[in-house]
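Colleague: Kindly generate the corresponding structure for this input.
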Amino acid sequence: MRSMKPAIISISPAGLTFLCFLTTVAKDYSVDVRVRDLTGRVNVAYVNGLGEVEESIITGDLEVDLTPLFDWNAKELFVYLIAEYVTPNSPNSHNQIVLWDRIIKRGESAKINQKKFAQEYRLLDDRKALKTNPNVTLFLQWNVIPNAGALTTARGRGSQSIAMPDTYSPLRPNKQRGAG
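Modeller: Take a look at the predicted model:
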């Protein structure tokens with residue numbers, strides 16, 4: 001009687017990587033995001049190379065749990081808060097500006113609960129379309145950096161819009177000068 005040898009399945013590293021990719025390609029990478037209690041201030045600023053522009057500072061609360069996005073293939077997340085608005089009668093009518101970002105690595109807390117988030121990057125508009133803009137929308141977006149496969153970009157479910165004020169106001173508190 002002939003002895004039967006067990007069949008050994010051999011998969012190349014490229015084949016294994018492709019199978020790994022297939023397990024995450026159809027995954028829904030969106031989660032609920034709460035952006036609320038927005039306030040905005042606008043003033044005129046002078047920027048070298050641009051001249052006089054409008055600058056805005058927007059603050060508010062941001063709450064999201066990104067934990068479900070970390071599966072076996074998610075190495076880290078690059079998370080960023082975007083302000084989006086339209087500048088009428090301009091060749092650059094659709095504007096998206098990153099206000100804040102964060103990198104979250106596997107094993108770190110993926111819950112963000114920021115009260116009155118601090119805007120990291122300047123929001124400048126050389127067309128002066130921020131003051132009285134009725135619809136500046138903030139939303140959260142992220143890139144999922146995988147161990148293997150394609151980089152995924154997803155947008156959170158939930159956003160909030162703010163109508164910008166119709167008058168200029170100081171963006172930062174005035175510093176008191178010491179007596180002396």
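Colleague: residue boundaries of the strands in the protein?
Modeller: 33-47, 51-65, 74-86, 94-105, 111-114, 123-125, 136-146, 152-162 (DSSP state E).
Colleague: May I see the ones you listed organised as TSV, with mean neighbour count and distance to Gly15 added?
Modeller: (Each C-beta comes from the backbone N, C-alpha and C, glycine too.) Below are the strands of the chain laid out as TSV (neighbours: other CB atoms under 10 Å; distance: least, CB to CB, whole Å):
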stretch	mean neighbour count	distance to Gly15
strand 33-47	16	37
strand 51-65	18	35
strand 74-86	19	21
strand 94-105	16	28
strand 111-114	14	37
strand 123-125	18	47
strand 136-146	20	17
strand 152-162	16	22
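Colleague: mind listing what the most centrally placed residue in the chain touches?
Modeller: What sits nearest the mean C-alpha location of the chain, by CA atoms, centre = their mean, is Tyr80, with 1.9 Å. The contact partners of Tyr80, taken as CB atoms under 8 Å, 6 or more residues apart in numbering, are 98, 100-102, 140-142.
Colleague: ditto for Gln96
Modeller: Neighbour list for Gln96: 82-84 [criterion: CB under 8 Å, 6+ apart].
Colleague: Which one of the strands of the chain lies nearest to Val25?
Modeller: strand 152-162 (8.9 Å; CB to CB).
Colleague: can you list contacts of that closest one?
Modeller: Counting by CB under 8 Å, 6+ apart, residues outside strand 152-162 touching it are 27, 29-36, 38-40, 58, 60, 64, 69, 135-144, 146.
Colleague: gap between the nearest residue to Met164 once chain neighbours are set aside and Thr167?
Modeller: Setting aside the residues directly before and after it, Met164 is nearest to Asn133 in space (CB to CB, 6 or more residues apart in numbering), at 4.5 Å. According to CB to CB, to the nearest Å, Asn133 and Thr167 sit 13 Å apart.
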